[in-house]
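S.K.: only geometry, no sequence info:
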């Protein structure tokens, strides 16, 4: 099954077009200009932030079944979503995004891989849906992007769709600071 077929199954309509454009090397519009305005080189094309954080993302990167963020990462696109607070039209929306430096991406990858594993079913009563999706990029290594969803409330589940970890308050604050 080719990547385009998988993407068509996973996404529909405009989302599929956006994801397919990512494979063609489209820059993350505002993300690229934001990276330039913060002094980051935007040499590696990045995908766009997903329109929302409700879809379950599953990494296709080599090694993602055993590691939250496989080795060799070059950059990360950090996409922060509001969750249900505030209520109304601002709920569950993209509220910030930023492209990391290589050093930031590698440090974050190591910290995420060091998190405590999660097994079984968990109840997370204080989860309002706020999340950050970190899309790790491997540059010219020809690996697929590795999306990692970090839930900011409740149990702080962190997953790439294969590996599940629990983020603590310290790393949550660090990740939130990367998107403000």
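M.R.: Yep, it's here. Keep in mind that what you see is a predicted model, and the values were worked out from it rather than measured. Numbering: from 1, shown residues only.

S.K.: ranges for the helices of the chain?
M.R.: Remark: helices assigned in the chain by DSSP state H are 3-10, 13-23, 29-37, 102-113, 169-177.

S.K.: gap between the two ends of stretch 122-132?
M.R.: One end of stretch 122-132 to the other measures 20 Å (C-alpha to C-alpha, to the nearest Å).

S.K.: can you give me how far it is from the chain middle?
M.R.: On the basis of C-alpha atoms, centre = their mean, to the nearest Å, stretch 122-132 sits 16 Å off its chain's mean C-alpha point.

S.K.: try stretch 173-180
M.R.: 13 Å.

S.K.: May I see the buried residues of that stretch?
M.R.: 175, 176, 178, 179 (16 or more other C-beta atoms under 10 Å). C-betas here are computed from N, CA, C, even on glycine.

S.K.: Output those residues as TSV; include the columns distance to residue 112 and pLDDT.
M.R.: Output for the buried residues of stretch 173-180, formatted as TSV (distance: C-beta to C-beta, whole Å; pLDDT from 0 to 100):
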residue	distance to residue 112	pLDDT
175	9	88
176	14	89
178	12	87
179	15	85
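
S.K.: can you list those residues in a markdown table and add distance to residue 144?
M.R.: Formatted as a markdown table, the buried residues of stretch 173-180 follow (distance: C-beta to C-beta, whole Å):
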| residue | distance to residue 144 |
| --- | --- |
| 175 | 22 |
| 176 | 26 |
| 178 | 22 |
| 179 | 23 |
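
S.K.: what sits opposite residue 76 in the beta ladder?
M.R.: Beta-bridge pairing of residue 76 under DSSP bridges involves residue 136.

S.K.: can I assume it is in contact with residue 132?
M.R.: No - using C-beta atoms under 8 Å as the test, residue 76 is too far from residue 132 to be in contact (10.2 Å).

S.K.: When those two are compared, which one has more neighbours?
M.R.: It is residue 76, of residue 76 and residue 132, that has more neighbours when counted by other C-beta atoms under 10 Å, with 28 against 23.

S.K.: State the distance from that one to residue 121.
M.R.: Noted for residue 76: a distance of 29 Å to residue 121, by C-beta to C-beta, to the nearest Å.

S.K.: repeat for residue 180
M.R.: To residue 121, residue 180 is 33 Å away according to C-beta to C-beta.
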